[in-house]
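Visitor: What follows is a protein structure lacking sequence information:
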């Protein structure tokens, strides 16, 4: 397969934008990415559009990509509408990579976009709750509510905390097994909120102390609110091209996609290694690098403990040592392997379908040396990891990418 | 890019199955396709899953493919959840083809599945109404309802007929411009219902006379109910493999994917040719065949007039001659170019996301000479055309495939 490069990226600020829909958000990210790449809209040959939940939030269940592109005056290109819950953006990016690497197209757009905020916040929670087996979840909720004497509809609004309950339970298990401290988790939140304070596009741009993180309202022990990623709106885009196209093209330094791996969780009974570990091993092999070669990484910190687990699953450290990695500032901006320099999902925000490509935006900025106050000096090799949905306690989808310059 | 072949296909009966969900429908089609291909589930390397509307009907907005595969005991493979309204199935098939042709995988599953029937029929109509620009449609409905003094919510239930209104208006224009008769449209319905009567998996298996078609309740002049495709539930699956894999594999004769093209409609102002014509021209070029070489075709007869228009857009005849093609029995089972031998969307049924792959099922059966009472003798070259969504009066997505043995 051919070498693929990212020629340009763009993203909106992440946040709560009740007055902006998919078209406005997606359009802004696309225009910025095209300008960054120095590519005209007319040069695009296909669009890969990741979105997870617009059907339930905005009613736009079908042809989401076409509607966004048409509002920009674009049309006629093949549109691949992709979904993989919180990994929808990286799935779109991966499929775009596959299409260019396989020789189908030379210049394509990958877009991730999500509109989660709604006047009716219950809608947002219900949409997030659709990233599981909804039949099984409904059966579980009925069971739970029968015990509580409540009705099933009430249960829908609680689904968000089911995700956080899951993370909390894993966090407690890690504490019991490895001696990880709640302060270790809190330090991840401190780091990411600190990084977010340096990112003008982050949803939260306020640095937090460990005291503030620990004293924030408890969501599910040991997770306080500042250890949980927020709901958000936003979009991110990337222009992917063949290396041949990039060579002929004058403009910004291209970033090479050295590995692109999409994987799904396996049934619990047949699970030799976790899906993140499997995907990462394949990505390292494909790129011909190891975790020791990485200069910077963006990972799926849907909760602060998740980032600790990911350190281990991505082989940044040995099993059980993730907490120490955070405590020792190894993953801080000035550390040996800075992680989530963008602020991560915790601070930059997590508009589901946009997240995977927003990670790419940060990495491209880092590898081009234009990350401003967040710049990791001399970054040459980077990784992104994005996960989506949960089945039997494991991500339903996980994408890992390695980038080099 | 590499040659790709279809090694096996499977599908459920199409119809109204209030007691069967995505898992049951999808699972049946997958099992049948694997058995037909002689491929073990463990050999699959990826799954491409087309579904358009499960979020609005069943609540399973995210990770639809993973949930279906997991219920079968499958998991761990990369899942690409694809959506393109009524062309979701062909989009999944096309993307699966692209992945194998590009060298990413050797053995993949393409699945199309849809659950449209619900106890609450309004839900089904609302879901179908999401295959347009819903913001624009809502604005239009508000406008319309202000004139009528009704509220916007009432308008939602009428969206289905907006699609049929669109077809009806095109049908009347064709009559005025080319002298096409309502009987010509009716004959398409007679043909497809006749073919459906020979297909044990068709939703409607009753042959109809032209008198019955013309006397059926009027939906939107000149469309009677028997000229409109129904709502339905169902699933269809195909196993796509590299030619290398097929050579090493003992079993049924593989069918070659000679062309696979996905396209989107263009903004009205920049529309040189229609999206179907553009897609077909590229597909003929890619396959190195012309319409005169086709032995059989499955096309998107969402309404009977649509099939007449498609004859022209796919160059089965000259512009304006589509009505005559139907009247002259050219596209009948015994004609020179039999079209929709399966019964088409009109009689086989139209479970949105399943339709594109169900077309492939029929074509593979035809090219393998196992189509039973519907067999087109000696069929060697075939075409499928599947469309989805509407923007500015044109399909938002259109996929054309050419198959050979």
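Guide: Looks like it came in fine. Model, not experiment: these values are computed from the prediction. Residues are numbered from 1 along each chain as shown, chains lettered A, B, ... in the order given.
Visitor: Please make it C-alpha for all contacts and neighbour counts, starting now.
Guide: Noted.
Visitor: which regions of the stretch 51-200 of chain A lie under the pLDDT threshold?
Guide: Filtered on pLDDT under 70, the stretch 51-200 of chain A yields the residue ranges A:144-162.
Visitor: For the closest residue to chain B within it, the count of nearby residues, please.
Guide: Nearest residue of the stretch 51-200 of chain A to chain B: residue A:102, at 3.5 Å (CA to the nearest CA). Around residue A:102 there are 24 other residues, counting by other CA atoms under 10 Å in any protein chain shown.
Visitor: residue contacts, it?
Guide: Applying CA atoms under 8 Å, 6 or more residues apart in numbering or on different chains, we find residue A:102 in contact with A:1, A:2, B:1, B:98, B:99, B:101, B:102, B:103, B:104.
Visitor: For ChimeraX, what selects the buried ones among those residues?
Guide: To isolate the buried subset of the contacts of residue A:102 in ChimeraX, counting by 16 or more other CA atoms under 10 Å in any protein chain shown, use the following:
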select /A:2 /B:98,99,101,102,103,104
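Visitor: Nearest to residue A:63, out of the contacts of residue A:102: which one, please.
Guide: Closest approach to residue A:63 among the contacts of residue A:102 (CA to CA): residue B:98, at 20.1 Å.
Visitor: Downstream of the stretch of helix or strand that closest one belongs to, the next helix or strand is which one?
Guide: In the assignment (DSSP states H and E), residue B:98 maps to helix B:88-101. Remark: after helix B:88-101, the chain's next helix or strand is strand B:107-114, criterion DSSP H and E.
Visitor: Tell me the helices and strands packed up against that next one.
Guide: Where contact means 3 or more CA pairs under 8 Å, 6 or more residues apart in numbering or on different chains; DSSP states H and E, strand B:107-114 is packed against helix B:22-37, strand B:46-50, helix B:88-101, strand B:234-242, helix B:352-367.
Visitor: 6 Å - rerun?
Guide: Contacts defined by 3 or more CA pairs under 6 Å, 6 or more residues apart in numbering or on different chains; DSSP states H and E place strand B:107-114 against strand B:46-50, helix B:88-101, strand B:234-242, helix B:352-367.
Visitor: Could you list the residues in contact with stretch A:12-31?
Guide: If you take CA atoms under 6 Å, 6 or more residues apart in numbering or on different chains as the criterion, stretch A:12-31 is touched by A:10-11, A:68, A:113, A:201-203, A:232-237.
Visitor: okay but residue A:404 is in contact with residue A:381, surely?
Guide: Yes: if you go by CA atoms under 6 Å, residue A:404 and residue A:381 touch, sitting 4.6 Å apart.
Visitor: What are the boundaries of the strands in the stretch 251-400 of chain A?
Guide: Ranges of strands within the stretch 251-400 of chain A are A:255-263, A:296-298, A:381-391, A:394-404, based on DSSP state E, counting those that start in this stretch.
Visitor: What parts of chain A come near chain B?
Guide: A:60-63, A:67, A:75-78, A:81-85, A:102, A:130-131, A:133-134, A:262-267 (CA under 6 Å from any CA of the partner chain).
Visitor: Just the ones in helices from those residues, please.
Guide: Among the residues of chain A next to chain B, the subset assigned to helices under DSSP state H consists of A:67, A:134.
Visitor: just for the stretch 251-400 of chain A, where's the confidence low?
Guide: For the stretch 251-400 of chain A (pLDDT under 70), the answer is none.
Visitor: what do you get if the cut-off is 80, keeping everything else the same?
Guide: A:251-252 (pLDDT under 80).
Visitor: where do the helices sit along the stretch 201-350 of chain A?
Guide: A:210-215, A:243-248, A:275-287, A:304-313, A:322-327, A:344-347 (DSSP state H, counting those that start in this stretch).
Visitor: among the ones you listed, which is the most enclosed?
Guide: Ranked by mean neighbour count under mean count of other CA atoms under 10 Å in any protein chain shown, those are led by helix A:344-347, which reaches a mean of 32.
Visitor: quick one: contacts of it?
Guide: Outside of helix A:344-347, the residues within contact range by CA under 6 Å, 6+ apart are A:193, A:196, A:204, A:229, A:301, A:302.
Visitor: Give me the helices and strands touching the helix or strand hosting the first one, please.
Guide: Right, the one you point to is residue A:193. In the assignment (DSSP H and E), residue A:193 maps to helix A:182-196. The elements that helix A:182-196 packs onto, with contact taken as 3+ CA pairs under 6 Å, 6+ apart, are helix A:304-313.
Visitor: Hey, what's the angle from the helix it packs on to strand A:381-391? Just curious.
Guide: Angle, helix A:304-313 to strand A:381-391, by axes from the mean of the first three to the mean of the last three CA atoms, to 10 degrees: 120 degrees.
Visitor: angle of helix A:304-313 against helix A:275-287?
Guide: 50 degrees.
Visitor: Which neighbouring elements make contact with helix A:304-313?
Guide: Under the contact criterion of 3+ CA pairs under 6 Å, 6+ apart, helix A:304-313 touches helix A:182-196, helix A:322-327.
Visitor: Once you drop chain neighbours, what's closest to residue A:352?
Guide: residue A:86 (4.6 Å; CA to CA, 6 or more residues apart in numbering or on different chains).
Visitor: ok, so what distance separates the one you found from residue A:398?
Guide: Applying CA to CA, to the nearest Å, the value for residue A:86 to residue A:398 is 9 Å.
Visitor: and if you look at residue A:109?
Guide: Taken as CA to CA, the span from residue A:109 to residue A:398 is 21 Å.
Visitor: Which one's more surrounded, those two?
Guide: residue A:398 (31 against 27).
Visitor: Kindly state the beta-bridge partners for that one.
Guide: residue A:263, residue A:387 (DSSP bridges).
Visitor: That one touches residue A:263, doesn't it?
Guide: Yes: if you go by CA under 6 Å, residue A:398 and residue A:263 touch, sitting 5.3 Å apart.
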